[in-house]
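Colleague: Predicted model and sequence below, questions to follow.
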Amino acid sequence: MNPNGESTRPSPWSTEAIRAGVEELVRLHDAGVLPPIVQLGHPVLRMAAADFTDQLEPGLLRAFLDTMRAVMLDAPGVGLAAPQLGIPLRIAVLQDLYESVPEVAHAREREPLEYLETINPRYWPVGDRTASFYEGCLSFNGYQGVVERPADIDTTYQDAEGTTHERKFSGWQARIFQHETDHLDGTVYIDKAVTRSLCANHEYPRWANPGIAEARSGLGF
């Protein structure tokens, strides 16, 4: 406490607290334990993450990115944002190299996405083309829902060395980028989903088709 009776402990989202949180996540990873993924209801998933500046020194940033990648692949998932590990920084990792049924891949414009680290990412729709498909989230376990998103986007982000990149994404790659970047603004896919489309994972095989026409008819959305 300070002389005025106010706590001198750092805010949970202060640079000191963020650094301490990251150090603990990295320590767990180094010890062979993957950190848990934060679930919906935790306040970190509902706040705008801070731009990454110099909160983490380069070595700690690299170790954190490696930890994020390990958690993403183990889940398994195609993306993970820092808030999903309880860290309110604008950092996300993406990768989609999973095999897909050709018919499904064609309908969803799903192309392989090599491992990508995005720091301070942003995106903007290009044109009016949209696409609606089911999405799931590692922070909302057990459910999937249909989300309509821009099918083509422009993006900007930095890599771990601080170099700025501008890149266009389309189809499923654009969906992944939007989903993870939304996390950094406190938005979870369910906020944008057609709620009548929501289904438990064990029911999803009913609607796991290339498109959503059958699900739309069966669930009435």
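Modeller: Great, that's in hand. Note that the structure is predicted; figures quoted are calculated from it, not measured.

Colleague: could you pull out the helices for the chain?
Modeller: Counting by DSSP state H, the chain forms helices over residues 15-30, 58-74, 102-108, 171-183, 213-219, given from the N-terminal end onward.

Colleague: Let me have those helices in TSV, extended by distance to residue 158 and mean neighbour count.
Modeller: (Glycine included, C-beta is placed from N, CA and C.) Written out in TSV, the entries for the helices of the chain read as follows (distance: least, C-beta to C-beta, whole Å; neighbours: other C-beta atoms under 10 Å):
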stretch	distance to residue 158	mean neighbour count
helix 15-30	17	16
helix 58-74	11	17
helix 102-108	28	14
helix 171-183	13	23
helix 213-219	38	15
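
Colleague: Compile these into TSV and extend it with columns for distance to residue 121 and mean pLDDT.
Modeller: Compiled in TSV, these are given as follows (distance: least, C-beta to C-beta, whole Å; pLDDT from 0 to 100):
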stretch	distance to residue 121	mean pLDDT
helix 15-30	18	97
helix 58-74	14	98
helix 102-108	22	94
helix 171-183	5	98
helix 213-219	30	97
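
Colleague: Residue 136: which of the ones you listed is closest?
Modeller: Go through these one by one with C-beta to C-beta and the one that ends up closest to residue 136 is helix 171-183, at 9.5 Å.

Colleague: could I get the closest one in PDB with only the CA atoms?
Modeller: Coordinates of the C-alpha atoms in helix 171-183 are reproduced here as PDB (Å, rounded to 0.1, in the frame of the first residue of the first chain):
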ATOM      1  CA  GLY A 171     -10.700 -18.200 -48.300                       C
ATOM      2  CA  TRP A 172      -9.900 -20.300 -45.300                       C
ATOM      3  CA  GLN A 173      -6.600 -18.600 -44.700                       C
ATOM      4  CA  ALA A 174      -8.500 -15.300 -44.400                       C
ATOM      5  CA  ARG A 175     -10.900 -16.900 -42.000                       C
ATOM      6  CA  ILE A 176      -8.100 -18.100 -39.700                       C
ATOM      7  CA  PHE A 177      -6.400 -14.700 -39.800                       C
ATOM      8  CA  GLN A 178      -9.600 -12.900 -38.900                       C
ATOM      9  CA  HIS A 179     -10.500 -15.400 -36.100                       C
ATOM     10  CA  GLU A 180      -7.200 -15.000 -34.400                       C
ATOM     11  CA  THR A 181      -7.000 -11.200 -34.900                       C
ATOM     12  CA  ASP A 182     -10.500 -10.800 -33.500                       C
ATOM     13  CA  HIS A 183      -9.300 -12.400 -30.200                       C
END
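
Colleague: Can you name every helix or strand that the strand with the most length in the chain contacts?
Modeller: When every strand of the chain is counted residue by residue (DSSP state E), the longest turns out to be strand 113-125. Applying 3 or more C-beta pairs under 8 Å, 6 or more residues apart in numbering; DSSP states H and E, one finds that strand 113-125 contacts strand 91-96, strand 152-158, helix 171-183.

Colleague: Give the other helices and strands that the first one contacts.
Modeller: Using 3+ C-beta pairs under 8 Å, 6+ apart as the contact criterion, the elements in contact with strand 91-96 are helix 58-74, strand 79-81, strand 113-125, helix 171-183.
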